[in-house]
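Engineer: Starting from these lines, generate the structure:
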Amino acid sequence: MKNVLVLCTGNSCRSQMADGYLHHFAKEKATIYSAGIETHGVNPKAIAIMKLDGIDISNNTSNTISEYKNINFDYIITVCDHAQENCPVIPSKNAKRIHQNFFDPSKVNGSEEKIFNAFKNTRNQIKAFCKEFAETELS
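Structural biologist: Next comes the predicted model:
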């Protein structure tokens, strides 16, 4: 069983979506953790957009990286540039680091439709990334 960490700035949106899809695609092949450099709480719009695709992240919690300092990760995935640039040293021997920056839909202002579409677009990109990751790295 592989240990996979998904890391973002606030562990509220992109890393939570990735957590949901990695749980879905990895099934019993990996233990998935998500964390942030800080915590902002799970974004309600992220919960709603994932639910529309059949993935329930409503019970997820927003965690900091320090909570997982004793876990040896096989993969550390950063899903935003800020987390990659400011990530503290994670003492996981031989962890494969993967970086994929996703647009932060929580930064979008405007109509509900514009915000919804931003969340949907980011969700779809994260879904494709997680599916490919599970197929190539965890099979």
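Engineer: How many residues are close by Lys27?
Structural biologist: 10 (other C-beta atoms under 10 Å). All C-beta spots, glycine's among them, are computed from the backbone N, C-alpha and C.
Engineer: wait, Glu85
Structural biologist: So Glu85, with other C-beta under 10 Å, has 9 neighbours.
Engineer: That one and Gly54: what is the separation?
Structural biologist: Separation of Glu85 from Gly54 (C-beta to C-beta, to the nearest Å): 33 Å.
Engineer: quick one: Gln84 is in a helix?
Structural biologist: Yes: counting by DSSP: H, G, I helix; E, B strand; the rest coil, Gln84 is located in a helix.
Engineer: Just to check, it is in contact with Thr78?
Structural biologist: Yes: in this structure, Gln84 is within contact of Thr78 by C-beta atoms under 8 Å, at 4.1 Å.
Engineer: neighbour-wise, which of the two wins?
Structural biologist: Ranked by neighbour count (other C-beta under 10 Å), Gln84 and Thr78 place Thr78 first, with 23 against 19.
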